[in-house]
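Undergrad: coords please:
(chains A, B and C)
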Amino acid sequence: MKSYWKIVTGVVLCALAAAGTGCGRKRATITCAGSTAFQPFAEKLAEELMAKRNDIAITVQGGGSAVGVQSALSGAAQIGMADLVNLPPEAKALTSVVVARDGIAMVVHPSNPVGNLTTEQVRGIFNGAIRNWKDIGGKDAPITVVSREAGSGTRTSFEQIVTGIHLTKDAVVQDSNGTIRETVANDANAVGYLTHGVINEKVKAVTVDGKDCTMEAIMAGAYKLVRPVFFLTKGAPDGVAKDFIVHVLSAEGQAIIKKNGLIPAK
Amino acid sequence: MKFNREKGVERLLLLVALSAIASLALIAVFILKEGIPFMLKVGPGNFLLSSDWQPDAGKFGIYPMIVASLWVTLGAMLIGAPLGVAGAIFLNEFVPRSVMRIIKPTIELLAGIPSVVFGFIGVVVLAPLIRSHLGGPGLSVLAGSVVLGIMVLPTVISISTDAISAVPNTYREGALALGATRWQAVHMVVLKAARSGIVASIILAMGRAVGETMAVIMVAGNAVKVPHSALDSVRTLTANIALEMGYATGMHRQALFATGVVLLVVIMILNSIATAAVRRPIGGKGNTKK
Amino acid sequence: MRIPPKYTQMFAVTLLAGATLVTLAVLLFIIVFVLQKGLPVMSVKFLFTNPQEMGRAGGIFPTLVGSVLLPLLAILIAMPLGIGTAVYLTEYTRETWVTKVIRFGTDCLAGIPSIIFGLFGFIFFVVMLGMGWSLMSGGLTLAIMILPTIIRTSEEAIRAVPHSFREVSFSLGATRWETVMKVVLPNALPGIVTGLMLGIGRCISETAAVIFTAGSSLRLPQSGFDSVRTMAVHFYILAREGLSNENAYGTAAVLIIAVLLTNLVAYWLMHRFIARRTK
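TA: Below is the predicted model:
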């Protein structure tokens, strides 16, 4: 009786092994991994491209810009997404293409009376020097600083543009833009930074040095917290990777990017 | 011919056993190979006692994470152990068998709820409560402890119940015959006999609490600092690994493996204590467990 | 003044009852909370349509597939390896220091946090072996993760079979293998099945190790090397990023019901086998 089950197991294992080597429909697949800020856009664009063409498959993973750089280098992903102001030294070995630009917004809870932060104030808050909202014109309440993890492109760019930040040890750390938004939305005393593309009515974006984080302000060069979104490949992109990059840079691709809150590459 | 088949089967099983053991050894060796040279290079003192965690600058002190794991786990046990053991005693000794036979499986069912669900409820229900009534960011040691404490309850109850029900009825009957009340029989005789099993359940639950990742990432705040109060935001050893493993390379990656080694050692110690505790049953183990 | 034992008993029992009620209340609250928000969302359509807008709308079908395929793969690998090892260790070897070391090793590995398996799986399968984020990486990692538990529970179950059973079988002329297959294993089945169910339950609920090895792709997997998203991962992503609280609760409801069903099946199987054995 038991031997019957062993046979069944053997058969199923073989079937799985066969499936494992991909004797299904032949498809060229690539993996695109990295920036959580650009991930929703990459997923949408990938969906569109796959709807048009049956013979390719594009998988999008997150993890943060550092994961993007590392997986492009290690080959775990064919395209690494990184939204960094300056690419790290190890990324010099990769070919990079700018596919979009992204504004980093400073957000607070909608009930927070503070509407503007100067660069100095931002630096002070994230350094831990300014600890109470009343020191910058708000309520008498301790500031909950919310930040991304160290490998985040959003965080690295933020810290590189607003120089002199040594993140306070008290900062709450979350691992994606969406989570930062949810955390700030749930805490009346929180302040965080996230990609402009993820803002909704749950949080309020404050002006930085009097400038709004809008597409117009960014394209006019007035808003400072901006970084490019890179697609990184090992060597010149080819095959599906190239097609995907071409699609993202195409007029419709850029239109989708613009429609959903990010800035086109040009 | 039968003998040949026997030999063949024995060889096959040996192969199977070796493969299984090899794969388990692989992971153990891998972790140790990446983690131990790192610890030696950086110095165990520096690694374990420094509060400076800045991988970019080559600083790998995990002391804040160790303290965080300690506080959160102890807090979890302060909640989970008394409630769990009390529940186990009550279900075993003061509740009719028919009721117990419904409630125990229900509680064990609850052990299967994914940790992310607990974590989410912690974020949505618990953290705001803590923030509005006690202050702080809400995402804190306290939140982590409460969520973990609830998560280990089924483990504590389940294993403690097994230990208590394994105490032979003759013990209880003897005590009652001497004029003791039920409660006296329980706390003077039964609990003492089941003590090693109950201790084992708590230790095992502790091991699970130390190893929990998702729920703590969601609910404890992940700040890299040594907590001064239960309302502070903290990052446990497991959360640290999860937050950074996607992109860590070189020494940073080895540091994460070294953190894994620390966790391994802690759990090994806990497991050994639990096994040693169970191996000293007072008066025999009685009948089977399940 | 000594308080009469009758009163200490009343006091103690009240405390104990209170503790038990608190425990039950909290655990039931969690289930009710999730089911109350999630059941309205659950429907055949929810289960079998594809997600849209990264999960903000639509159903969860690919994640359902992922949650079935990944544990299945893990069990298919771990079951023969685990049970075979347990059989070999108990039936074919004597108790030497080697077996003691092996047992200690498996016990330790059974307690390792799952994030470490995730770390190992990510570095070894995804990066070093180049398997990428895939079903295979995830399945192999999960298999290694549940292997110690399966070995341990199977071993305990096999050892619990009384020696007299084996002796009778031998005295009737059966070989060791025949004894194992026809006498020992059938009697050890309830315990072994419990171990398997524990393993499956753990695979279904596992999140950290899965994200880092199987990835989080929302597409239906076409081959063993495609990335999949399980329901646990899907719930995590939806809930944390606030993409859709409704769908998050719906996914959680499905998860809880799946775990409940797995456990119920385990109990039913156990009772059926125990009944069969004592007939």
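Undergrad: alpha carbons only for contacts and neighbour counts from here, please
TA: Fine.
Undergrad: close to chain C, is the lengthiest helix in chain B?
TA: Ranked by residue count and defined by DSSP state H, the top helix of chain B is helix B:2-42. Yes: on the criterion C-alpha under 8 Å from any C-alpha of the partner chain, helix B:2-42 is in touch with chain C at B:6, B:9-10, B:13-14, B:16-21, B:23-24, B:27, B:30-31.
Undergrad: would you mind identifying the next helix or strand past that helix?
TA: Using DSSP states H and E, the next helix or strand after helix B:2-42 towards the C-terminus is helix B:44-49.
Undergrad: my read is that A:Pro262 contacts A:Ala105, right?
TA: Let me fix one detail, which is that residue A:262 is Leu and not Pro. No: counting by C-alpha atoms under 8 Å, A:Leu262 does not reach A:Ala105; the two are 11.8 Å apart.
Undergrad: what is in contact with the two at once?
TA: Shared contacts of A:Leu262 and A:Ala105, defined by C-alpha atoms under 8 Å, 6 or more residues apart in numbering or on different chains, comprise A:His196.
Undergrad: helices along the chain, start to end?
TA: Going with chain A. In chain A, helices defined by DSSP H lie at A:2-20, A:39-52, A:65-74, A:119-127, A:153-161, A:177-186, A:215-219, A:239-249, A:251-259, listed in chain order.
Undergrad: wrong chain, I was asking about chain C
TA: Using DSSP H, the helices of chain C run over C:5-38, C:44-48, C:61-91, C:97-110, C:114-121, C:135-159, C:163-171, C:176-179, C:185-205, C:208-214, C:231-240, C:245-277.
Undergrad: got the contact list for the closest residue to chain A within the stretch 1-150 of chain C?
TA: Closest to chain A within the stretch 1-150 of chain C is C:Gly132: 5.1 Å, counting by C-alpha to the nearest C-alpha. Contacts here follow C-alpha under 8 Å, 6+ apart; on that basis C:Gly132 touches A:76-77, C:125-126, C:213, C:225.
Undergrad: surely C:Thr99 is in contact with C:Leu89?
TA: Yes: here C:Thr99 lies in contact with C:Leu89, judged by C-alpha under 8 Å, at a distance of 6.9 Å.
Undergrad: more crowded one of these two?
TA: Remark: of C:Thr99 and C:Leu89, C:Leu89 carries more neighbours, 22 against 14, as counted by other C-alpha atoms under 10 Å in any protein chain shown.
Undergrad: C:Gly250 and C:Ile60: what is the separation?
TA: According to C-alpha to C-alpha, to the nearest Å, C:Gly250 and C:Ile60 sit 9 Å apart.
Undergrad: got any residues that touch both of those two?
TA: Here C:Gly250 and C:Ile60 have no joint contacts, going by C-alpha under 8 Å, 6+ apart.
Undergrad: number of residues surrounding B:Ala193?
TA: Per other C-alpha under 10 Å, the neighbour tally for B:Ala193 reads 24.
Undergrad: just the element for it, please.
TA: Going by DSSP H and E, B:Ala193 is in helix B:191-211.
Undergrad: tell me the angle that helix makes with helix C:114-121.
TA: 40 degrees (axes from the mean of the first three to the mean of the last three C-alpha atoms, to 10 degrees).
Undergrad: could you check the helix or strand just after helix B:191-211 against chain C for contacts?
TA: Downstream of helix B:191-211, the first helix or strand assigned by DSSP H and E is helix B:214-219. Yes: under the criterion of C-alpha under 8 Å from any C-alpha, helix B:214-219 makes contact with chain C via B:214, B:218.
Undergrad: please save the CA atoms from helix B:214-219 in CSV.
TA: C-alpha atoms of helix B:214-219 as CSV (Å, rounded to 0.1, in the frame of the first residue of the first chain):
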residue,chain,number,x,y,z
MET,B,214,7.4,39.7,10.5
ALA,B,215,5.3,40.6,13.5
VAL,B,216,8.1,42.6,15.1
ILE,B,217,9.1,44.4,11.9
MET,B,218,5.5,45.6,11.6
VAL,B,219,5.0,46.6,15.2
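Undergrad: picking that back up, buried residues in the helix holding B:Ala193, which are they?
TA: Across helix B:191-211, burial judged by 16 or more other C-alpha atoms under 10 Å in any protein chain shown covers B:191, B:193-211.
Undergrad: picking that back up, select only the buried ones of the residues of helix B:2-42 next to chain C in ChimeraX?
TA: Those of those that count as buried under 16+ other C-alpha under 10 Å are selected in ChimeraX with:
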select /B:10,13,14,16,17,18,20,21,24,27,31
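Undergrad: rewinding a little: counting by contacts, list what the longest helix of chain B packs against.
TA: Helices and strands touching helix B:2-42, as assessed by 3 or more C-alpha pairs under 8 Å, 6 or more residues apart in numbering or on different chains; DSSP states H and E, comprise helix B:250-278, helix C:61-91, helix C:97-110, helix C:114-121, helix C:135-159, helix C:176-179.
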